[in-house]
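Visitor: Dropping the sequence and predicted coords here.
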Amino acid sequence: AWSPASFVETQVEALREQVGDQHVILGLSGGVDSSVAAALLHKAIGDQLHCIFVNNGLLRKGEWMQVQDTFRGHFNMDLRAVDASDRFLDALEGVDDPEEKRTRIGNTFIDVFTAETDALAQDLGTRPAFLAQGTLYPDVIESVSFKGPSVTIKTHHNVGGLPEELGFELLEPFRELFKDEVRAIGELLNVPSSIVNRHPFPGPGLAIRIMGEVTRERLATVRAADAIFIEELRAHDLYDEVWQALAVLLPVQTVGVMGDERTYEHVCALRAVTSVDGMTADWAHLPHDMLGHTANRIVNEVRGINRATYDITSKPPGTIEWE
Ligand code: XMP
């Protein structure tokens, strides 16, 4: 029977065997999948594992520091953190099409990752032979089934995000697993619960939660709204009850009133869903009081937003993210 313990035991053995005395690189995002993959690889091959964490400028509030603290401090892993925010934001200038955003972010990531791998190879005196990824079964399925003969709904960059030309052999120990199984493995490997139980977060980050062009100002706005929503979910003990919760910044301005002033600011949409695997989802029936309180806080505390709405669309026909 499948159990996290037997999976870890088998995989550690298999990974050691496969990797031998070679080196492995892993793109760490701070999310559940890549974090648990890093923990598993670290258990198997120790400091033959090298993690690269790229700040694409599209991360959530506090994430850049939190991930570094966890993996350097808690796990004592070789972590190379690269702040490439400006490169990503420059690449996104003037772009409002969702797939074009993904393409630019994906290409920039490949450039940054390649440069960092070259630097690592210099330091090691040898090129890492393997690339490890936290790809899950639904990632594999969605990237296939979402591409019909003539229609791609979304390209998920965690699958095939890094091209074969980079010349690495792939290690994808979770290719047949679902997220709840990976979470169980993470717990067993002592990955902090702040990471193991974290909501999924897309590779293109906050860029696909800003409808229209991504600017530094809009990023700051959506990041602040997201942080408040998550804080309130936690405060109401609801964080673990939902699969994913997010704030979306709309390019629509509406009239409001603040004190005795007229405002003309943007709308923020809040979305929270329940799901088993992210492939289908229902909107989360959050308590009205909690939603009202959250909307109030966002409108009062986040500059540039004067109205909040709650999305009650399921998937399908809606998707979880708005882009
Ligand atoms: P959708 O919006 O397709 O999302 O219903 C399903 C799950 O996938 C995440 N998602 C992405 N993850 N790159 C990723 O790594 C992407 O481009 C991407 N688009 C959506 C989404 O957050 C949800 O968990």
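Guide: Thanks, I have the structure now.
Visitor: all strands for the chain, in order.
Guide: 24-28, 49-55, 78-83, 130-132, 169-171, 244-258, 261-274, 282-283, 305-310 (DSSP state E).
Visitor: what comes into contact with the shortest one?
Guide: Outside strand 282-283, the residues that touch it by Cβ atoms under 8 Å, 6 or more residues apart in numbering are 271-275, 311-315. C-beta coordinates here come from the backbone N, C-alpha and C atoms, glycine included.
Visitor: which of these are buried?
Guide: 271-273, 275, 311, 315 (16 or more other Cβ atoms under 10 Å).
Visitor: To Arg183, which of the strands of the chain lies closest?
Guide: Of all these, it is strand 244-258 that lies closest to Arg183, at 13.7 Å by Cβ to Cβ.
Visitor: and the closest one, what's its mean pLDDT?
Guide: Computed over strand 244-258, the mean pLDDT rounds to 97.
Visitor: The nearest residue to Val82 once chain neighbours are set aside: how many residues sit nearby?
Guide: Closest residue to Val82 apart from its sequence neighbours, by Cβ to Cβ, 6 or more residues apart in numbering: Val54 at 5.1 Å. Neighbours of Val54 under the rule other Cβ atoms under 10 Å: 22.
Visitor: what's the distance between Val54 and the ligand?
Guide: Distance of Val54 to the ligand, given as Cβ to the nearest ligand atom, to the nearest Å: 13 Å.
Visitor: Asn76 now?
Guide: For Asn76 relative to the ligand (Cβ to the nearest ligand atom), the value is 27 Å.
Visitor: on that earlier part again, ok, which pair from the buried ones among the contacts of strand 282-283 is furthest apart?
Guide: So, the buried ones among the contacts of strand 282-283 by Cβ to Cβ: farthest apart are Ser275 and Asp311, at 14.1 Å.
Visitor: check contacts around Leu250.
Guide: 211, 266-269.
Visitor: Repeat that for Ala91.
Guide: With Cβ under 8 Å, 6+ apart, Ala91 has these contacts: 104-105, 107-108.
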